[in-house]
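Colleague: Pasted the sequence and its predicted model underneath.
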Amino acid sequence: MLLEMKGIDKAFSGVSVLKNVQLEVDKGEVHALLGENGAGKSTLMNVLTGVHQMDSGTVVFDGKHMEHISIKGSEDAGIAFVHQELNLFNEMTVWENIFLNKELSGFLGHCNKRAMIEKCRDLFRSLDVSIDPEEMVENLKTSEKQLLEISKALFFDAKLLILDEPTTALNNDEIDHLFGIIENLKKNGTSFIFISHKMPEIFRISDRYTVLRNGEFIAAGKIEDTTPEEITALLVGNTDSFKDIYETRETGDVVLRLHDYSGPGFERINLEVKKGQIIGLTGLQGAGSSELMQCMFGVTRAVQGTLEANGVSVPPASTHRAMKAGIAMLASNRKENSVIPDMSLLENMYLAEHTLSAGHFAISKRKEQKKFEDYRRILNIKAQDSADSILSLSGGNQQKVFLARWLNTNADILLLDNPTQGIDVGAKAEIYKLILQMAGEGKTILINTLEIPELQKIADYCAIFYEGRIVKILQHSELDEQTVMYYSTNAANV
């Protein structure tokens, strides 16, 4: 056995977050660590990697008892944490990121750049990774950044890699490549703790599993001895949060029109959306649905066609004008596009509204605090104090704060790009109910997602993209994974 954690307890400010938790990982296995947000997964991994000190319990790694674990001590022992929100320096090269604080010295103590670049090339060749060591990290695709993080850990002989939602931003081919690397490393004795909310991937790549719920150990076993339905029941307990929740509602006049709308990654999009409708957008990664949303919000420039919102023609490449027309966008990838880590929950919430009201002399903290309390109640945001850091919240609660950010602008057309990315089953159910509630109150919502069960729960109809164009519209009653995949892969024209 490579890792044995027993009787792990941890509390913050008197609140217990881990209670007698156990975890065992064998050498050369992929172990799925499962649980909803707030179940204790991150805290347990932070104990293992020295970020938090456990209050009680024992940790044995590679036959050695680990006491008073530090971040450096964990790394030196051979444990690497590849976070969902990648910890890379975009303004540095690939080789500089790999050798940061571990540089190779040459003559007279100078950095041996040539040797470090060559070692990177050797490493990438051994992993079948096509990344140029001299490329700037900011120029890499998300999938390449993910592989770079893993390569960085492996270069310094990690025995155990913790992978937190590693496939969130990857397409099917990139996932296949990543899983191929994991399988090869398993054969050489490397172990993995795999944290994911995606059942097909869990059952495809994992050997064993451990389930946590509310900071407690619930179950462990072999993947081959269980089913997705049984795992889901263990994750959520006695709840109906994963049942279908779709409901019909009254809709109004057309409030959003796209006519021959074209831009980077998509072309000739024609859509009419009514007040109170929920429209799903989907397709394979890079098919154009996310790119469409970014262009509608002014992040990129439309090159053809028209966008009309609430009877107003929205000019291209103007986020401010899109906001003035009543459009708001919850972007994908919270860390890069939503989180302002140096700001409090309150400041993160009122940021967008004060972009629109920048002419006001001052911000009334009393009024903003009142609005924050209203949104905390309406959206069921689990937060202690509005002055707390946004980083103190789970992913699902962060997402609710960002949703409040845009509702605070009084927008009535919401573009939600992968809104449940990296959040658990229970938090997803809450987000779905909020979306349906907002639509019932007259908000018009476009949601882009690759998860078809998500669309089955909330969408009135779904536009399927392939190579930048809408190839099929499916009504709610027609939505199923096989049909969506049929059109997403262009199988209709094979």
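Modeller: Good, I have the coordinates.
Colleague: Below-threshold pLDDT in the chain: ranges please.
Modeller: For the chain, the stretches with pLDDT under 70 are 37, 85, 107-108, 169, 236, 238-244, 358-362, 494.
Colleague: okay, now the domains of it?
Modeller: 3-236, 254-493 (automatic domain parsing).
Colleague: These into JSON lines, with extra columns for mean neighbour count?
Modeller: C-betas here are computed from N, CA, C, even on glycine. Listed next are these as JSON lines, based on neighbours: other Cβ atoms under 10 Å:
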{"stretch": "domain 3-236", "mean neighbour count": "17"}
{"stretch": "domain 254-493", "mean neighbour count": "18"}
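Colleague: and of those, who's closest to Glu247?
Modeller: domain 254-493 (6.1 Å; Cβ to Cβ).
Colleague: Can you tell me the SS state at Val273?
Modeller: For Val273, the assignment made with DSSP: H, G, I helix; E, B strand; the rest coil gives strand.
Colleague: I'd say it and Val254 touch.
Modeller: Yes. In this structure, Val273 is within contact of Val254 by Cβ atoms under 8 Å, at 6.8 Å.
Colleague: what do these two both touch?
Modeller: With contacts defined as Cβ atoms under 8 Å, 6 or more residues apart in numbering, no residue is shared by Val273 and Val254.
Colleague: Tabulate the domains of the chain (CSV), appending distance to Ile245.
Modeller: Formatted as CSV, the domains of the chain follow (distance: least, Cβ to Cβ, whole Å):
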stretch, distance to Ile245
domain 3-236, 14
domain 254-493, 5
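Colleague: what helices or strands is the helix or strand encompassing Phe192 leaning on?
Modeller: Assigned by DSSP states H and E, Phe192 belongs to strand 191-195. Identification of packing neighbours for strand 191-195 by 3 or more Cβ pairs under 8 Å, 6 or more residues apart in numbering; DSSP states H and E yields strand 30-34, helix 41-48, strand 160-164, helix 172-187.
Colleague: Just after it, pick out the following helix or strand.
Modeller: helix 199-205.
Colleague: from the chain's centre, how far out does that next one sit?
Modeller: 17 Å (Cα atoms, centre = their mean, to the nearest Å).
Colleague: ok, now stretch 175-186?
Modeller: 21 Å.
Colleague: Export only the CA atoms of that stretch, formatted as PDB.
Modeller: Below are the C-alpha coordinates for stretch 175-186, written out as PDB (Å, rounded to 0.1, in the frame of the first residue of the first chain):
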ATOM      1  CA  ILE A 175      -9.400  13.000 -22.600                       C
ATOM      2  CA  ASP A 176      -8.400   9.800 -24.400                       C
ATOM      3  CA  HIS A 177      -4.800  11.000 -24.600                       C
ATOM      4  CA  LEU A 178      -4.700  11.900 -20.900                       C
ATOM      5  CA  PHE A 179      -6.200   8.600 -19.900                       C
ATOM      6  CA  GLY A 180      -3.600   6.800 -22.100                       C
ATOM      7  CA  ILE A 181      -0.800   8.600 -20.200                       C
ATOM      8  CA  ILE A 182      -2.400   7.600 -16.800                       C
ATOM      9  CA  GLU A 183      -2.700   4.000 -17.900                       C
ATOM     10  CA  ASN A 184       1.000   3.900 -19.000                       C
ATOM     11  CA  LEU A 185       2.100   5.500 -15.700                       C
ATOM     12  CA  LYS A 186       0.100   3.000 -13.700                       C
END
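Colleague: possible to save the helices and strands packed on strand 191-195 as CSV with distance to Ala427?
Modeller: As requested, those are exported to CSV (distance: least, Cβ to Cβ, whole Å):
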stretch, distance to Ala427
strand 30-34, 14
helix 41-48, 13
strand 160-164, 16
helix 172-187, 23
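Colleague: out of the ones you listed, nearest to Asp128?
Modeller: Between Asp128 and those, the tightest spacing by Cβ to Cβ is seen for helix 172-187, at 7.2 Å.
Colleague: contacting residues around that closest one?
Modeller: Outside helix 172-187, the residues that reach it (Cβ under 8 Å, 6+ apart) are 28-30, 127-129, 143, 146-147, 150, 154, 166-167, 170, 192, 201, 204-205, 284-285.
Colleague: out of these, which are inside strands?
Modeller: 30, 192 (DSSP state E).
Colleague: Okay, and which of the contacts of helix 172-187 map to helices?
Modeller: Here DSSP state H is the test, and those give 127, 143, 146-147, 150, 154, 201, 204-205 as lying in helices.
Colleague: So of those residues, which two are at opposite extremes in space?
Modeller: Leu154 and Arg204 (21.3 Å).
Colleague: Quick check: which element contains Leu346?
Modeller: Here Leu346 is assigned to helix 345-350, by DSSP H and E.
Colleague: packing partners for that helix?
Modeller: helix 365-379, helix 395-407.
Colleague: Please find the angle between the direction vectors of the shortest one and helix 41-48.
Modeller: The directions of helix 395-407 and helix 41-48 differ by 120 degrees, with axes from the mean of the first three to the mean of the last three Cα atoms, to 10 degrees as the criterion.
Colleague: how far does helix 395-407 sit from the chain's center?
Modeller: The answer for helix 395-407 is 14 Å, by Cα atoms, centre = their mean.
Colleague: what does it rub up against?
Modeller: So helix 395-407 is contacted by 37, 328-330, 334, 338-339, 345, 348-353, 372, 375-376, 379-383, 390, 393, 414, 419-424, 426-428, 430-431, 434, 438 (Cβ under 8 Å, 6+ apart).
Colleague: Going by secondary structure, Lys472 is in what exactly?
Modeller: Per DSSP H and E: strand 469-475 holds Lys472.
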